[in-house]
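# Predicted model follows, preceded by the sequence.
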2 protein chains.
Amino acid sequence: MADDPVSTTPARPGPFPVPTMPAPPVSVVGLGQLGGSLAAALAAAGRAVSGWDVDPAARAAAEEHGVFVTQELTGVVVLAVPLPALGSALDGLRVDPGATVTDVGSVKAPVLAELGAAFGERFVGGHPMCGTERSGPDAVDPDLFRGARWALCLEPGTDLRRWLRVAEIALAVGAEVVPVTAAEHDDAVAAISAVPHLLAAALAAAAGEAGPLALSLAAGSFRDGTRVAGSDPAFVTALVTGNAGPAAAALDRVRAQLDRPVPELVAAGHAVRAAPEPVRRPVRVPLERAALLALGRSGGAVTRRLAAFVEGWTPEPGTPQA
Amino acid sequence: MADDPVSTTPARPGPFPVPTMPAPPVSVVGLGQLGGSLAAALAAAGRAVSGWDVDPAARAAAEEHGVFVTQELTGVVVLAVPLPALGSALDGLRVDPGATVTDVGSVKAPVLAELGAAFGERFVGGHPMCGTERSGPDAVDPDLFRGARWALCLEPGTDLRRWLRVAEIALAVGAEVVPVTAAEHDDAVAAISAVPHLLAAALAAAAGEAGPLALSLAAGSFRDGTRVAGSDPAFVTALVTGNAGPAAAALDRVRAQLDRPVPELVAAGHAVRAAPEPVRRPVRVPLERAALLALGRSGGAVTRRLAAFVEGWTPEPGTPQA
């Protein structure tokens, strides 16, 4: 049963006398939409949170949200800067040598390669699945993470105690934590993020080619299908090229779908999209890498951390996934 | 300049003493979302409107909106039934032999072939570019057409006086009329309706294939990109297979876009999607087929009908199209 630790540990009702671990301080580097929202949410929850941004306006906005602006970083250091800036985000800042370092980048294997080399077992890769087309400190929203999934990488070399510290921060701002490997993460987001952006771009570009009449007749299905094509092209290009292998493989799977007979393709898409939310089955999962990853693979997530296990949920077997 | 009658006739401010033509009565067959909304909108505008539906509940709902329920059809007869039912929609009903017949189907060349054969120059094909995923009399909304484009087919054999009668109805419920040929219409809607539905289905199906982890991480871009995959599969399949040739050609144009280098594709999609609404240049267009079709091809539309011309708009040359 070691291959399926999730289903062997159904949650039992009862008192939970064990308190969660003491919450470490959090330092957020990059106070734009994601970092600023995280710092503001933690400050609003009464947590000790400091932050830094190269942009004085972003620092001032964070201060208004109760964030202590400093270049001295300790506790859990969250790198919330664009992917190309990750490697240099800490240049000129003073970082506690015991600090745990995490990020919020949209691709994980390349980040793991770069920051894992720099920080070793102190690095835990993360990716909150939220954010909007807006960016910068004006887009800060302390409720941004509420109800969102937050992928958190559990590699063979990840220090589980540090992973739990980062998980605790995600939980503290209302997210649910999905344990993944970097490779699993990158394959999954290729299918649900890189490819939607590519399809939206191709749809918009092809309609532009079709001409003014087509664009003038465009209604709901075109607007929905092209909405993310309005995102910053540099961001989208980085999202796709930074995850090039998985994105190409996921796009090939979409091409194969498009080659199916129309009724079959339409029915298959409808079956996925029209499926109701899965029924959530509460579970307790031991604090072991294999068990946690199995929870993530099942489509489940961690919702609470206790001393020797986490609580979470997994879809009822046989219930639809959407 | 005969090839570009639009740009040669800029609108001049001034009094418009010529009244619009007397409004003919309207009979709507099929009182679901589109037909019921049209009949309700006309009734709300004080127009004489009658209607029929095989479903007694739809008839009762229409009566509550002020529609006179009858099997005797006259004036402009609007066939607002699903595409497969178009050929038999008038079976058992009594139709004034002088009546103009129009439809609201999502594909025009096959409908023109079928109903043009049955009604000759009395038939004018139409397609209001609105409607939602809801259907039936519960989805009736008298404001459904407000601000929408309504494609109206001007074939070489179309009786322009009848075309204007149908256009007048579209204008009366708040739509803007786009003059098109059936072939032009079908090519355009393949790009902005059939293909978005196919891409949404392929995206959803491929993500389903990728598994529960991918679906659990899905956020905004996936939800937007797959929304129309939630539509009734029979409706979507009919939409695509009923316009098979243009849909296949439009899908090939999307495939070609997907083969472009990522930065180029993303930039091209962004240029179309992020373009602002075109600046509307008011124009007067003579009541001639070539001039009206040129208006449609330019991305413009008719907004008002006067005695010897229509008023409308066309994008300012050089302004972006979106």
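It's in.

# residue in the stretch 1-150 of chain A nearest to chain B?
Nearest residue of the stretch 1-150 of chain A to chain B, counting by Cβ to the nearest Cβ: A:Met129, 4.4 Å away. Using the backbone N, CA and C atoms, a C-beta is placed for each residue, glycine as well.

# A:Val262: what's its closest spatial neighbour, skipping adjacent residues?
In this structure, A:Val262 finds its nearest non-sequential neighbour in B:Val240, 5.0 Å apart by Cβ to Cβ, 6 or more residues apart in numbering or on different chains.

# Next up, the contacts around the one you found.
B:Val240 sits next to A:Val262, A:Val266, B:Ala194, B:His197, B:Leu198, B:Ala247 when contact means Cβ atoms under 8 Å, 6 or more residues apart in numbering or on different chains.

# Of those, which is the nearest to B:Val228?
Among the contacts of B:Val240, B:His197 lies closest to B:Val228 (Cβ to Cβ), at 5.3 Å.

# Show me what whichever strand or helix holds the closest one packs onto, helices and strands only.
Using DSSP states H and E, B:His197 maps to helix B:195-210. On a contact count with 3 or more Cβ pairs under 8 Å, 6 or more residues apart in numbering or on different chains; DSSP states H and E, helix B:195-210 meets helix A:195-210, helix A:220-226, helix A:244-258, helix A:262-273, helix B:212-217, helix B:220-226, helix B:233-241, helix B:244-258.

# if we go to 6 Å?
Contact analysis of helix B:195-210 by 3 or more Cβ pairs under 6 Å, 6 or more residues apart in numbering or on different chains; DSSP states H and E lists helix A:195-210, helix A:220-226, helix A:244-258, helix A:262-273, helix B:220-226, helix B:244-258 as its packing neighbours.

# The first one versus helix B:244-258: what angle between them?
Think helix A:195-210. Angle, helix A:195-210 to helix B:244-258, by axes from the mean of the first three to the mean of the last three Cα atoms, to 10 degrees: 120 degrees.

# For A:Pro276, the count of nearby residues, please.
If you count neighbours by other Cβ atoms under 10 Å in any protein chain shown, A:Pro276 ends up with 9.

# Without its sequence neighbours, what residue ends up closest to A:Arg260?
A:Arg260's closest residue in space is A:Ala268 (Cβ to Cβ, 6+ apart), at 7.3 Å.

# do the same with A:Gly32
Excluding the flanking residues, the one nearest A:Gly32 by Cβ to Cβ, 6+ apart is A:Gly136, at 5.1 Å.

# List the neighbouring strands of the lowest-mean-pLDDT helix or strand in chain A plus their orientation.
Least confident helix or strand, chain A: strand A:309-315 with a mean of 76, by mean pLDDT, DSSP states H and E. Strand A:309-315 has the following strand partners under DSSP bridges: strand A:280-286 (antiparallel), strand A:301-305 (antiparallel).

# sorry, back to before: distance of the residue nearest to A:Val262 relative to B:Glu264?
Note on B:Val240: its distance to B:Glu264, by Cβ to Cβ, to the nearest Å, is 28 Å.

# Next: A:Arg94.
42 Å.

# Please identify which of these two sits among more neighbours.
Legend: neighbour count by other Cβ under 10 Å for A:Arg94 and B:Glu264, higher for B:Glu264 (13 against 10).

# Could you measure from the more buried one over to B:Ala191?
B:Glu264 is 19 Å from B:Ala191, by Cβ to Cβ.

# residues touching the closest residue to A:Ala148 other than its chain neighbours, list them.
Once flanking residues are discounted, A:Ala148 sits nearest to A:Cys130: 4.0 Å by Cβ to Cβ, 6+ apart. The contact partners of A:Cys130, by Cβ atoms under 6 Å, 6 or more residues apart in numbering or on different chains, come to A:Leu144, A:Phe145, A:Ala148.

# And the residue of chain A positioned farthest from its centre, how close does it get to chain B?
Distance from the C-alpha centroid of chain A peaks at A:Leu213, with 39.4 Å (Cα atoms, centre = their mean). Per Cβ to the nearest Cβ, to the nearest Å, A:Leu213 is found 5 Å from chain B.

# Equivalent analysis for A:Leu251, please.
Using Cβ to the nearest Cβ, A:Leu251 is found at 7 Å from chain B.

# ok, the residue nearest to A:Gly32 - how many residues close by?
Neighbours of A:Gly136 using other Cβ under 10 Å come to 15.

# So which bits of stretch A:302-312 are buried?
A:Val302, A:Thr303, A:Arg304, A:Arg305, A:Phe309, A:Val310, A:Gly312 (16 or more other Cβ atoms under 10 Å in any protein chain shown).

# I figured the third one hits A:Glu311, correct?
Looking back up the chat, that one is A:Arg304. Yes - counting by Cβ atoms under 6 Å, A:Arg304 touches A:Glu311, with 4.1 Å between them.

# Tell me where the model's unsure across chain A.
Filtered on pLDDT under 70, chain A yields the residue ranges A:1-22, A:132-134, A:308, A:318-322.

# Spatially nearest residue to A:Pro128, not counting backbone neighbours?
Nearest to A:Pro128 is A:Trp150, by Cβ to Cβ, 6+ apart, at 4.5 Å.

# just A:Gly75 next, same as before
Leaving aside its chain neighbours, A:Gly75 sits nearest to A:Pro25 (3.5 Å; criterion: Cβ to Cβ, 6+ apart).
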